[in-house]
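> pasting a predicted model and its sequence here:
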Amino acid sequence: MDIAGILAQFEIKGAVKEVKPLGNGLINDTYRVVTEGELPDYVLQGINNAIFQDVDLLQHNIEVVTAHIRSKLEAAGSTDIDRKVLQFVKARDGKTYYRDEADRYWRVMVYIPDTVTNEAVTPESAYDCGKAFGNFEKMLVDVPEPLGETIPDFHNMELRMRQLREAVANDAAGRLDEVRDIVDELERDAAEMCKAERLHREGKLPKRICHCDTKVNNMLFDRDGQVLCVIDLDTVMPSFIFSDYGDFLRTGANFTAEDDPDLSHVGFNEAIFKAFTKGYLESASEFLTPIEVEHLPYAVALFPFMQCVRFLTDYINGDTYYKIKYPTHNLDRTRNQLALYHDVRRHDQMMADFIQGLL
């Protein structure tokens, strides 16, 4: 790749001293661009247009969101705004991305110095994450123009069940017999877990602008552990707030990794749930509707259920989507998420009571 040639297409300041890989993202290739002297450094990122197929829509969403957040921070008299919202550099043609001769897409952001990302969740950081993601949604409640879905139907449970049923019907890898008990179990709860789409069609559940990938490593912290800003905005799009609330707890409130084959390690961490929920509702309760709040425990159960369905679908299809490290990797992931789903459901009443107590 001609990195120098790609960078020359953007309006960056200063001479480039060094380009080195940054982070460990699974989707996009990311590099830190170090410049000479006191001028800012930059982040160069290749956009995975196999996943994000409409790059113009993708970047339009991000431009609208970052501009709106910046205007909210300015109106609130916030200080150090350039550290609290991402800033994209325009290409020579005025766009915030560049398409090279090999049909690869690139974008450049101003690097925010003296920041850290976290991989592990503690009750303390969970509270801060909940507050930050709730505030992120709150700032975007009145976005001035509609945004598109960068990955259509990304968190549509009805679609995920249709995909599972197609996989079962085809049994492409001949694996159905060994997992039929799991399929039957998922089918028993499928109607309940598809509730969000039904409520939306009935006009009872709104779609809002959500992040849709609310992991703890998708935010920047300062050196004192305070959240600066939410990053990785590729999946920011209209969705149910369940996407942000439930998916964070799917990963953050599991005592173990989602592919741990030892199910005795799997469990729902009440302390993480309570801390995240407290922070989230402190930010989000002023705009959430009663039906959204009522269904927050449903959201916590929905995401391990959905991920279980997705892992199982891929296993039945012969491991065509998720990367695997061994032949039963997707099956281990499936069982892990199913065990987490069961443990979450055992906490239904606790969650409802805790949320009501906060309100």
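Great, that's in hand. All figures in this text were calculated on a predicted structure; none of them were measured in a lab.
> how about the helix or strand that residue 245 is a member of as CSV, C-alpha atoms only?
Using DSSP states H and E, residue 245 sits in helix 242-252. Output in CSV follows, covering the C-alpha atoms of helix 242-252 (Å, rounded to 0.1, in the frame of the first residue of the first chain):
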residue,chain,number,x,y,z
PHE,A,242,-31.9,-2.1,23.6
SER,A,243,-29.0,-2.3,21.2
ASP,A,244,-26.8,-0.1,23.3
TYR,A,245,-28.0,-1.1,26.8
GLY,A,246,-28.3,-4.9,26.2
ASP,A,247,-25.2,-5.5,24.1
PHE,A,248,-22.9,-3.8,26.6
LEU,A,249,-24.2,-6.1,29.4
ARG,A,250,-23.9,-9.2,27.1
THR,A,251,-20.1,-8.8,27.1
GLY,A,252,-19.5,-6.6,30.2
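> and it, what's buried?
242, 243, 244, 245, 246, 247, 248, 249, 250, 251, 252 (16 or more other Cβ atoms under 10 Å). The C-beta positions use only the backbone N, C-alpha and C, and glycine is treated the same way.
> cool, stretch 279-299 as well?
If you call a residue buried by 16+ other Cβ under 10 Å, then stretch 279-299 has these buried ones: 279-281, 283-284, 287-288, 292-293, 295-299.
> residues contacting it, please?
Residues outside stretch 279-299 that contact it (Cβ atoms under 8 Å, 6 or more residues apart in numbering) are 126-135, 137-138, 141, 195-196, 199, 204-206, 240-242, 245-246, 277, 347-348, 351-352, 355, 358-359.
> so which of the residues you listed are in helices?
Those of the contacts of stretch 279-299 mapping onto helices are 126-135, 137-138, 195-196, 199, 242, 245-246, 277, 348, 351-352, 355, 358, per DSSP state H.
> following the host helix or strand of residue 65, which helix or strand comes up?
Element membership for residue 65 (DSSP H and E) is helix 55-75. Tracing the chain past helix 55-75, the next element assigned as helix or strand by DSSP H and E is strand 88-89.
> and that next one, which strands flank it?
Next to strand 88-89 in the sheet, as set by DSSP bridges, lie strand 105-110 (antiparallel).
> list the helices and strands the helix or strand just after the partner strand packs on?
Later in the chain than strand 105-110, the nearest helix or strand by DSSP H and E is strand 115-116. Secondary-structure packing of strand 115-116 (3 or more Cβ pairs under 8 Å, 6 or more residues apart in numbering; DSSP states H and E): strand 219-222.
> can you give me the strands for the stretch 201-350 of the chain?
Counting by DSSP state E, counting those that start in this stretch, the stretch 201-350 of the chain has strands at residues 208-210, 219-222, 227-230, 237-239.
> okay, the ones you listed in CSV with distance to residue 329 and mean pLDDT next?
Shown next, in CSV, are these (distance: least, Cβ to Cβ, whole Å; pLDDT from 0 to 100):
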stretch, distance to residue 329, mean pLDDT
strand 208-210, 29, 97
strand 219-222, 28, 93
strand 227-230, 30, 94
strand 237-239, 28, 96
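> so for residue 308, which of the ones you listed sits nearest?
Nearest to residue 308, of all those, is strand 237-239, at 19.5 Å by Cβ to Cβ.
> who touches that closest one?
Contacts of strand 237-239 (Cβ under 8 Å, 6+ apart): 61, 146-151, 154-155, 207-210, 212.
> farthest-apart pair in these, please.
Pairwise distances across the contacts of strand 237-239 (Cβ to Cβ) peak at 18.1 Å, for the pair 146 and 155.
> tell me where the stretch 151-300 of the chain has helices.
In the stretch 151-300 of the chain, the helices defined using DSSP state H, counting those that start in this stretch lie at 157-170, 176-193, 195-201, 242-252, 270-284, 290-294, 296-317.
> could I get those as TSV with distance to residue 81?
As requested, the helices of the stretch 151-300 of the chain are exported to TSV (distance: least, Cβ to Cβ, whole Å):
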stretch	distance to residue 81
helix 157-170	37
helix 176-193	40
helix 195-201	35
helix 242-252	23
helix 270-284	18
helix 290-294	29
helix 296-317	31
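> which one of those helices lies closest to residue 4?
helix 242-252 (37.7 Å).
> contacts only, for the residue nearest the centre of the chain.
The chain has residue 213 as the residue nearest its centroid, 0.3 Å off, counting by Cα atoms, centre = their mean. Contacts for residue 213 (Cβ under 8 Å, 6+ apart) come out as 232, 234, 235, 247.
> and for residue 352?
With the criterion set at Cβ under 8 Å, 6+ apart, residue 352 makes contact with residue 297.
> okay, it and residue 273: tell me how far apart.
As judged by Cβ to Cβ, to the nearest Å, residue 352 and residue 273 stand 12 Å apart.
> one more: residue 121?
For residue 121, the distance to residue 273 equals 11 Å [Cβ to Cβ].
> just want the angle from the helix holding residue 245 to helix 157-170.
Taking axes from the mean of the first three to the mean of the last three Cα atoms, to 10 degrees, helix 242-252 and helix 157-170 form an angle of 60 degrees between their directions.
> can I assume residue 34 sits in a strand?
Yes. Per DSSP: H, G, I helix; E, B strand; the rest coil, residue 34 lies within a strand segment.
> related to what we said a few turns ago, quick one: the helix holding residue 65 to strand 105-110, angle?
Relative orientation of helix 55-75 versus strand 105-110 (the same axes, to 10 degrees): 10 degrees.
> low-confidence ranges in the chain?
1, 24-28 (pLDDT under 70).
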